[in-house]
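**Student:** Take this sequence and fold it.
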Amino acid sequence: MEIAKTARKLIGEKALLFVCDVHDKFAPKTYKHEGVVEAVGMMCEVAGMFSIPTLFTEQNPPVFGDTYPDFFKKLDKAPYFKTAKT
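**Tutor:** Residues are numbered from 1 along each chain as shown. Next up is the predicted model:
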């Protein structure tokens with residue numbers, strides 16, 4: 001994929017998509033959450049196309065719930081569990 005190679009050079013070898021605390025429990029309280037979920041999903045797809053690593057974090061899932069379930073379809077590993085605020 002020639003476009004991917006070119007884009008990879010443009011964005012650098014140290015790129016990372018960082019997705020922080022996108023919990024499904026927060027969805028009802030997030031302004032236009034459908035758009036947020038769609039945008040994050042699209043960013044994950046594009047990151048995958050360009051082989052950009054993606055790091056998901058979850059703030060205390062037992063309290064706040066898990067990462068939005070649709071994102072797991074795009075992940076190749078589990079989210080990073082954290083208990084301290086970022």
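
**Student:** Do a quick rundown of the helices in the chain.
**Tutor:** Remark: helices assigned in the chain by DSSP state H are 2-11, 33-49, 61-64.

**Student:** Least reliable of those helices by average pLDDT, please.
**Tutor:** Lowest mean pLDDT within the helices of the chain: helix 2-11, at a mean of 63.

**Student:** Show me what the lengthiest strand in the chain packs onto, helices and strands only.
**Tutor:** Secondary structure of the chain per DSSP state E: the longest strand is strand 54-59. Counting contacts by 3 or more C-beta pairs under 8 Å, 6 or more residues apart in numbering; DSSP states H and E, strand 54-59 is packed against strand 17-20, helix 33-49, strand 80-82. Backbone N, C-alpha and C define where each C-beta goes, glycine included.

**Student:** So for residue 60, which of these sits nearest?
**Tutor:** With C-beta to C-beta as the criterion, residue 60 lies closest to strand 80-82 of the helices and strands packed on strand 54-59, at 7.5 Å.
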